[in-house]
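S.K.: next come a sequence and a model predicted from it.
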Amino acid sequence: QVQLVESGGGLVQAGGSMRLACAASRTIASINTLGWYRQAPGKERELVAVMTSGGSTTYADSVKGRFVISGDSGFNMVSLQMTSLKAEDTAVYYCAAASKPWASLAAEYEYWGQGTQVTVSS
């Protein structure tokens with residue numbers, strides 16, 4: 001069974017930076033989309049950033065200009081570089097992988113990581 005394992009979460013002050021990484025336990029054939037989601041307490045899971053194997057990316061309006069998603073050449077690892085962090089970025093962050101060429105809905109992702117907590121102190 002394939003596992004996605006996130007790393008890099010923790011506590012950071014507002015205005016700081018943090019990098020999250022997600023690696024697959026083995027090569028996932030036919031994965032074409034990698035994404036990052038987050039879920040804050042009492043809120044729905046929301047899309048943060050998406051990257052396709054073709055290199056297309058999209059971001060939630062709330063993180064545009066502050067977060068950057070990137071992947072390795074084999075598309076087995078995805079990172080999320082977060083800068084200018086705000087208290088409202090506090091959430092559990094999940095990486096996800098989908099076989100569809102484009103996936104923006106959580107239900108479209110077949111594989112999920114266990115989540116990593118990001119806490120931004122104000």
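M.R.: Perfect, thanks for sending it.

S.K.: phi first, then psi, for Ala23.
M.R.: phi -120, psi 140 (degrees, to the nearest 10).

S.K.: need the pLDDT of the closest residue in space to it that isn't next to it in sequence.
M.R.: Excluding its sequence neighbours, the residue lying closest to Ala23 (CB to CB, 6 or more residues apart in numbering) is Met77, at 4.7 Å. C-beta: built from backbone N, CA, C; applies to glycine. Listed pLDDT for Met77 reads 88.

S.K.: got a list of what Met77 touches?
M.R.: By CB atoms under 8 Å, 6 or more residues apart in numbering, the residues touching Met77 are 21-24, 71.

S.K.: which stretches of this protein have low pLDDT?
M.R.: Low-confidence segments of the chain (pLDDT under 70): 1-2.

S.K.: nearest to Glu46, of the contacts of Met77?
M.R.: Cys22 (16.9 Å; CB to CB).

S.K.: can I assume that closest one is in contact with Leu4?
M.R.: Yes. Between Cys22 and Leu4 a contact is recorded at 5.5 Å, counting by CB atoms under 8 Å.

S.K.: of these two, who's got more company?
M.R.: For Cys22 versus Leu4, neighbours defined as other CB atoms under 10 Å are more numerous around Cys22 (26 against 22).

S.K.: nearest residue to the more buried one in space, ignoring adjacent ones along the chain?
M.R.: Of all residues not flanking Cys22 in the chain, Cys95 sits nearest, at 3.3 Å (CB to CB, 6+ apart).

S.K.: so what's the residue count around Ser73?
M.R.: With other CB under 10 Å as criterion, Ser73 counts 6.
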